[in-house]
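S.K.: Got a sequence here, can you build the structure:
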Amino acid sequence: MELRLAGTIKESVVDGPGLRFVVFAQGCRHACKGCHNPETWDPLGGTAVAVEDLLGQIKAEKLIKGVTFSGGEPFLQATPLAWLGREVKKLGLDLITFTGYTWERLLALAQEDRAVEDLLRLTDYLVDSPFILAERDLELAFRGSRNQRIIEVAKSLKEGTVIEAGFA
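M.R.: Residues are numbered from 1 along each chain as shown. Now for the predicted structure:
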């Protein structure tokens, strides 16, 4: 199975708590004004990579606490990222997914697309909502604008309401 990739970072401390391996998915429809990664928008850009090869790169990083899926928009490639997310969890690593969709929109999409549901359920923390330039805040942890939330996915699904993470 292949994933269209904009790139990776093997060791990041700005894309979630702890040392993280970051996967930047290629393709995004949100086109947020002021986007940090506009080169990821073109769904035909980037490079096609076998998810098995990407998993091998993750396994080689012995000091990481977790993996972050960013982009672009990870949920546009939910099938390969859900597969990779399952394997990441088997390694005992946590998973953060950044998305331009709101939590509420993702829940609706998950009703229509099993892969979206799978990726959402595998995610420990979800950073949701589009980047809004007028709400940009450089003091925020792990996100770019005040409208974005860091959501504890399992608790939120269980409670039926958004539960924001304590490290936000």
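
S.K.: Just the pLDDT for Phe167.
M.R.: With respect to pLDDT, Phe167 has a value of 68.

S.K.: What's the separation between Thr68 and Glu104?
M.R.: Thr68 sits 22 Å away from Glu104, going by C-beta to C-beta, to the nearest Å. For glycine as for every other residue, the C-beta is placed from the backbone atoms N, C-alpha and C.

S.K.: And Gly16, by the same measure?
M.R.: Distance of Gly16 to Glu104, given as C-beta to C-beta: 22 Å.

S.K.: The two - which one has more neighbours?
M.R.: Neighbour count, other C-beta atoms under 10 Å: between Gly16 and Glu104, Gly16 has more, with 26 against 11.

S.K.: Give the residue spans of the chain that score low on pLDDT.
M.R.: The chain contains residues with pLDDT under 70 at 167-168.

S.K.: in it, which spans are helices?
M.R.: With DSSP state H as the criterion, the chain has helices at 51-60, 78-90, 103-112, 114-122, 153-159.

S.K.: from the middle of its chain, how far away would the first one be?
M.R.: Centroid displacement of helix 51-60 relative to its chain, using C-alpha atoms, centre = their mean, to the nearest Å, is 17 Å.
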